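[1] No letters, just coordinates:
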């Protein structure tokens with residue numbers, strides 16, 4: 001006789017930051033990459049967010065998106081439909097520009 005397995009609950013979160021943080025010698029954490037022409041880059045972030053949202057939608061999975069405010073602003077300026085992408089998900093902010101406080 002087999003028992004019905006108990007449900008498994010998982011909390012899925014995504015941090016939405018500028019393109020790839022970089023390692024810094026002597027630090028255990030990564031920091032935001034240097035800005036290029038006064039702006040952080042978000043091209044890969046935009047594409048990755050679209051891919052992640054499509055996968056979540058396809059599998060009917062809800063997640064929490066932790067946006068860095070600067071990144072959300074830059075994505076919106078690039079034409080990202082953040083409201084549509086975030087539909088059905090919890091949205092939160094985890095800093096203005098990922099300040100490195102250490």
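    That came through, no problem. In this text, all values refer to a predicted model and were calculated from it rather than measured experimentally. Numbering: from 1, shown residues only.
[2] list the contacts for the residue most central in space within the chain?
    Taking CA atoms, centre = their mean, the centroid of the chain lies closest to residue 16, which sits 2.2 Å from it. By CB atoms under 8 Å, 6 or more residues apart in numbering, the contact set of residue 16 is 45, 49, 65-68, 71-72, 75. From N, CA and C alone the C-beta is placed, and that goes for glycine too.
[3] Kindly recompute the last result at 6 Å.
    65, 67, 71 (CB atoms under 6 Å, 6 or more residues apart in numbering).
[4] Show me what whichever strand or helix holds the first one is packed up against.
    Here residue 65 is covered by strand 64-67, with elements defined by DSSP states H and E. Packed against strand 64-67 by the contact rule (3 or more CB pairs under 6 Å, 6 or more residues apart in numbering; DSSP states H and E) you find strand 13-16, strand 90-93.
[5] On the pLDDT front, check residue 5 for me.
    You'll see residue 5 listed with a pLDDT of 88.
[6] Run through the helices of the protein in chain order.
    43-58, 69-77, 82-85 (DSSP state H).
[7] out of the ones you listed, nearest to residue 95?
    Nearest of these to residue 95, taken as CB to CB: helix 69-77 at 7.0 Å.
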